[in-house]
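Peer 1: my questions concern the predicted model and sequence given below.
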Amino acid sequence: MLVKTYGSTLFGINATTITVEVNVGSKGVGYFLVGLPDNAVKESAHRINAALNNIGYKVPKKKITINMAPADMRKEGSAYDLTIAMGILAASEQIRADDISNYIIMGELSLDGTLNPIKGVLPIAIQARSEGFKGFILPKANAKEAAVVNNLKVYGVDNIKQVVDFFDKSIPLEKTIVDTRKEFYDNLANFPFDFADVKGQENVKRAMEIAAAGGHNILLIGPPGSGKTMLAKRIASILPPLSLQEALETTKIHSVAGKLNKDSSLMTSRPFASPHHTISDVALVGGGSYPQPGEISLAHNGVLFLDELPEFQRSVLEVMRQPLEDREVTISRAKFTVTYPASFMLVASMNPSPSGYFPDDPQNTSTAMEMQRYLNKISGPLLDRIDLHIEVTPVPFEELSSERNGEKSEVIRARVEAARHIQTERYHELEHVHYNAQMGPKELDAYCQLDEASQDLIKKAMDKLHLSARAYDRILRVARTIADLEHLEVLKSHHLAEAIQYRSLDKDKWI
């Protein structure tokens, strides 16, 4: 008898439905699994055999042929255990399952028949709804994540026996229901860190407010203990809250990577990725034999923090250049190409010299050659893609010991949101531009027109600091954001002057 059950495979951050055709013949003996399965799928035969025996069923001693279609697409992972097992039970007529083809069924089996969680549930549920499936049966640990998708019945189960009883004996399963909007808005403003904890550093806070308002990349330069990491960890608390669409997109990426917290349904805060400086280029941008999203994609719609930037391998930093411009990363293999979104805000920190101190600090013991070698670890093209270079100086004792708290994140975030609203209105007709850091040449010409005084000012800065054309564009974008924070439509010379001073590494003392 031939029975078709349905599972799904992931390609990038999207899912493709897989038809599992199970044929149990009346003649012959054998177990044949075809359709480009990997080792984890092939090994399912042993898990399925033990699981069925332990719930009172068996794999029949007949010729079993299982085809996973489309046959030219590689299938990987253990998530097809439940799909195949239910197909075997139905095809061997051990159970009655007339309605089985109306459901996506996925889950990894333990030897006792219990189900272990799987990856990529959210994109699978979205695809199941779009193809008109009645429901999605999956491990209970993943049920809340799948239930984010409305107009699809989601059934979380603990054991294969529950699935068997659902089809064979019509014993109903408990439907998982999530009020997506309520859960999203209830958890929208939960931040573990607040700028009120930071004493002093008002100039750095101002720069970080500008960076958050325009989505600009920022580099913090300062000696050890000056507060660079403390400040960086709090930037997510002043970014505008995720929209529901952004939350779904971000959750899909983390779901595919298997990084969602247990029993969570939807990411409600912007991601903050902070990889160690020993990370490889593949781990950072994504890849592998069967490509997975890297840290830059896990930071999509959020913040990527690179602490001690010069300690990262140069090759690792260089592979970020294209994603920083295009806001996506394309991974090509011989037979396919996968594209992952990577629209993140880069926040990096570094010491000003190998000894850790600024060139004019008496404690600095580094020679000019050592400092040049240290700074050369970061290429000019990468620095050009960082809009703001900010010097972070140690906080004086008087400010450190003061009982006065700094400005709260929610107050700063209100100003950031107001500036972002201006940008949203300005670019509402543009598909790929939502905030100032995303502006291209046409947008710069249209929205960053300079008067004569401003042109003279930036010309002098270009000549003195030897700025590249990309650095010029970055200055205009930052100036546009400063004007938006002041709710001004026309750029003024003081906006440009402030933007220029945020190019610390272009100054003479760093050369």
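Peer 2: Nice, I can see it. Residues are numbered from 1 along each chain as shown.

Peer 1: can you get me the start-to-end distance on stretch 143-158?
Peer 2: Here the two ends of stretch 143-158 are set 11 Å apart, with distance taken as C-alpha to C-alpha, to the nearest Å.

Peer 1: and stretch 310-326, by the same measure?
Peer 2: 23 Å.

Peer 1: could you find the closest non-adjacent residue to the residue nearest to the spatial centre of the chain?
Peer 2: Taking C-alpha atoms, centre = their mean, the centroid of the chain lies closest to residue 298, which sits 2.4 Å from it. Spatial nearest neighbour of residue 298, chain neighbours left out: residue 273 (5.2 Å); criterion: C-beta to C-beta, 6 or more residues apart in numbering. All C-beta spots, glycine's among them, are computed from the backbone N, C-alpha and C.

Peer 1: contact partners for the one you found?
Peer 2: Residue 273 makes contact with 295-296, 298-299, 302-305, 344, according to C-beta atoms under 8 Å, 6 or more residues apart in numbering.

Peer 1: secondary structure and pLDDT added to those, as CSV?
Peer 2: Output for these, formatted as CSV (DSSP: H, G, I helix; E, B strand; the rest coil; pLDDT from 0 to 100):
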residue, secondary structure, pLDDT
295, helix, 95
296, helix, 95
298, helix, 95
299, coil, 95
302, coil, 93
303, strand, 95
304, strand, 96
305, strand, 96
344, coil, 94
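
Peer 1: what's opposite the residue nearest to residue 298 in the beta bridge?
Peer 2: residue 304 (DSSP bridges).

Peer 1: and for residue 390?
Peer 2: residue 220.

Peer 1: circling back: how close does the residue nearest to residue 298 get to residue 347?
Peer 2: 10 Å (C-beta to C-beta, to the nearest Å).

Peer 1: again, but for residue 184
Peer 2: In terms of C-beta to C-beta, residue 184 sits 25 Å off from residue 347.

Peer 1: name the nearest of the contacts of residue 273 relative to residue 235.
Peer 2: Of all those, residue 235 sits closest to residue 303, with 5.9 Å by C-beta to C-beta.

Peer 1: verify the contact between the closest one and residue 295 for me.
Peer 2: No: using C-beta atoms under 8 Å, residue 303 makes no contact with residue 295, being 11.2 Å away.

Peer 1: so who does residue 371 touch?
Peer 2: 352-354, 359.

Peer 1: widest-spaced pair of these?
Peer 2: Across those (C-beta to C-beta), the longest gap, 11.6 Å, separates 354 and 359.

Peer 1: which one's more surrounded, those two?
Peer 2: Using other C-beta atoms under 10 Å as the criterion, residue 354 and residue 359 rank with residue 354 on top: 16 against 12.

Peer 1: now that one, what's its secondary structure?
Peer 2: Secondary structure assignment for residue 354 (DSSP: H, G, I helix; E, B strand; the rest coil): coil.

Peer 1: contacting residues around it?
Peer 2: 366, 370-371, 374.

Peer 1: quick one: common contacting residues for residue 273 and residue 347?
Peer 2: 303-305.

Peer 1: most neighbours of all these, which one?
Peer 2: residue 304 (26 neighbours).

Peer 1: roughly how far does residue 98 sit from residue 55?
Peer 2: Counting by C-beta to C-beta, the gap from residue 98 to residue 55 is 21 Å.

Peer 1: which of those two has more neighbours?
Peer 2: residue 55 (15 against 8).

Peer 1: wait, isn't that one in contact with residue 162?
Peer 2: No: if you go by C-beta under 8 Å, residue 55 and residue 162 don't touch, sitting 9.9 Å apart.

Peer 1: what pLDDT does residue 232 get?
Peer 2: Note on residue 232: pLDDT of 93.

Peer 1: actually, residue 364.
Peer 2: pLDDT at residue 364 comes out at 85.

Peer 1: got a list of what it touches?
Peer 2: Here residue 364 is in contact with 353, 355, 357-358 (C-beta under 8 Å, 6+ apart).

Peer 1: does it lie in a helix or a strand, and which?
Peer 2: Per DSSP states H and E, residue 364 falls between elements, in no helix or strand.

Peer 1: neighbour count: residue 184 and residue 347, which is higher?
Peer 2: Set residue 184 next to residue 347 and count neighbours by other C-beta under 10 Å: residue 347 wins out with 30 against 21.

Peer 1: so the more buried one, which of the three states?
Peer 2: Residue 347 is classified as strand under three-state DSSP.

Peer 1: pretty sure it sits against residue 304.
Peer 2: Yes: using C-beta under 8 Å, residue 347 is in contact with residue 304, at 7.1 Å.

Peer 1: now residue 162: how far from residue 115?
Peer 2: In terms of C-beta to C-beta, residue 162 sits 9 Å off from residue 115.

Peer 1: tell me which of the two has more neighbours.
Peer 2: residue 115 (26 against 19).

Peer 1: quick one, phi/psi of the more buried one?
Peer 2: phi -110, psi 130 (degrees, to the nearest 10).

Peer 1: ok, now which ones touch it?
Peer 2: 82, 107-109, 138-140, 157-160.

Peer 1: identify the bridge partners of it.
Peer 2: residue 109.

Peer 1: tell me the spacing between it and residue 107.
Peer 2: 4 Å.

Peer 1: give me the common contacts of the two.
Peer 2: By C-beta under 8 Å, 6+ apart, the residues touching both residue 115 and residue 107 are 82, 138-139, 157, 160.

Peer 1: pipe those residues into TSV and attach secondary structure and pLDDT per row.
Peer 2: Output for these, formatted as TSV (three-state DSSP; pLDDT from 0 to 100):
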residue	secondary structure	pLDDT
82	helix	97
138	strand	96
139	strand	95
157	strand	96
160	helix	96
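
Peer 1: select only the buried ones of the residues you listed in ChimeraX?
Peer 2: A single ChimeraX command selects the buried members of those (16 or more other C-beta atoms under 10 Å):
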select :82,138,139,157,160
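
Peer 1: and the shared contacts of residue 115 and residue 107, which two are the farthest apart?
Peer 2: Of all pairs in the shared contacts of residue 115 and residue 107, the most separated under C-beta to C-beta is 138 and 160 at 11.9 Å.

Peer 1: all helices for the stretch 151-300 of the chain, in order.
Peer 2: 160-168, 180-186, 202-214, 228-233, 244-256, 281-285, 295-298 (DSSP state H, counting those that start in this stretch).

Peer 1: let me fix that: the stretch 401-511 of the chain
Peer 2: So, for the stretch 401-511 of the chain - with DSSP H, counting those that start in this stretch - the helices run 409-426, 441-447, 452-465, 469-485, 493-501.

Peer 1: those: lowest mean pLDDT?
Peer 2: helix 452-465 (a mean of 89).

Peer 1: buried residues in that one, which are they?
Peer 2: So, applying 16+ other C-beta under 10 Å, buried residues of helix 452-465: 454, 457-458, 461-462, 465.

Peer 1: other SSEs contacting it?
Peer 2: Contacts defined by 3 or more C-beta pairs under 8 Å, 6 or more residues apart in numbering; DSSP states H and E place helix 452-465 against helix 469-485, helix 493-501.

Peer 1: most tightly surrounded among those?
Peer 2: helix 469-485 (a mean of 22; mean count of other C-beta atoms under 10 Å).

Peer 1: report the angle between it and helix 493-501.
Peer 2: 130 degrees (axes from the mean of the first three to the mean of the last three C-alpha atoms, to 10 degrees).

Peer 1: which residues does helix 469-485 contact?
Peer 2: Under C-beta under 8 Å, 6+ apart, the answer for helix 469-485 is 209-210, 213-214, 216, 381, 384-388, 415, 418-419, 422-423, 436-437, 439, 441, 444, 447-448, 458, 461-462, 467, 489-492, 495-496, 498-500, 502-503, 506.
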